[in-house]
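> please find the sequence and the predicted model below.
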Amino acid sequence: MEKILEDIKECIIIGKIDAASPFPPHLKGQPGAGEFTREALNSGINPSDIMSRALVPGMHVVGELFSENKIYVSQMLLSAKAMNVA
């Protein structure tokens, strides 16, 4: 269970929406937040656990990176879209 939640969180942080998403280029064709979230739900992980242990912490990291000027608005918006898809 922890691995899938970490995968979701990482996808949120890097803005990996789904397998069809071309960003980030080195992960093109690999699963993103959407696929990992579906997998988590199908394996019986509680939606509130997904939210509180993957999605919210992932966006918290994104907010910190943005406030430290380590990412830009466009990257933050990709993270928000990944969270929305998840």
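Perfect, I can see it now. Please read all numbers here as calculations on a predicted model, not as lab measurements.
> other residues contacting stretch 20-27?
14, 15, 16, 17, 28, 32, 78 (C-beta atoms under 8 Å, 6 or more residues apart in numbering). In this view, the C-beta of every residue, glycine as well, is placed from N, C-alpha and C.
> what's whichever strand or helix holds residue 40 packed up against?
Using DSSP states H and E, the element containing residue 40 is helix 33-42. Helix 33-42 sits against helix 2-14, helix 47-50, helix 73-85, with contacts defined as 3 or more C-beta pairs under 8 Å, 6 or more residues apart in numbering; DSSP states H and E.
> among these, which is the most enclosed?
Each of these was scored by mean neighbour count; the highest is helix 2-14, a mean of 20, by mean count of other C-beta atoms under 10 Å.
> could you give the angle of that helix to helix 73-85?
With axes from the mean of the first three to the mean of the last three C-alpha atoms, to 10 degrees defining the directions, helix 2-14 sits at 140 degrees from helix 73-85.
> tilt between helix 2-14 and helix 33-42?
Helix 2-14 runs at 160 degrees relative to helix 33-42, counting by the same axes, to 10 degrees.
> and residue 33, how many residues sit next to it?
30 (other C-beta atoms under 10 Å).
> go on, residue 45?
18.
> might one say that it is in contact with residue 4?
Yes: using C-beta atoms under 8 Å, residue 45 makes contact with residue 4 at a distance of 6.9 Å.
> who touches the helix holding residue 40?
By C-beta under 8 Å, 6+ apart, helix 33-42 touches 1, 4-5, 7-8, 11-12, 16-19, 31, 47, 50, 54, 82-83, 85-86.
> model confidence score at residue 32, please.
Note for residue 32: predicted pLDDT of 97.
> residues in contact with it?
For residue 32, the contacting residues are 11, 16, 17, 18, 19, 21, 82, 85, by C-beta under 8 Å, 6+ apart.
> what about the fifth one, distance to residue 28?
As judged by C-beta to C-beta, to the nearest Å, residue 19 and residue 28 stand 8 Å apart.
> so who does the spatially most central residue of the chain touch?
The centroid of the chain falls nearest to residue 12 when counting by C-alpha atoms, centre = their mean (2.1 Å). Neighbouring residues of residue 12 by C-beta under 8 Å, 6+ apart: 33, 54, 55, 58, 59, 61, 62, 79, 82, 83, 86.
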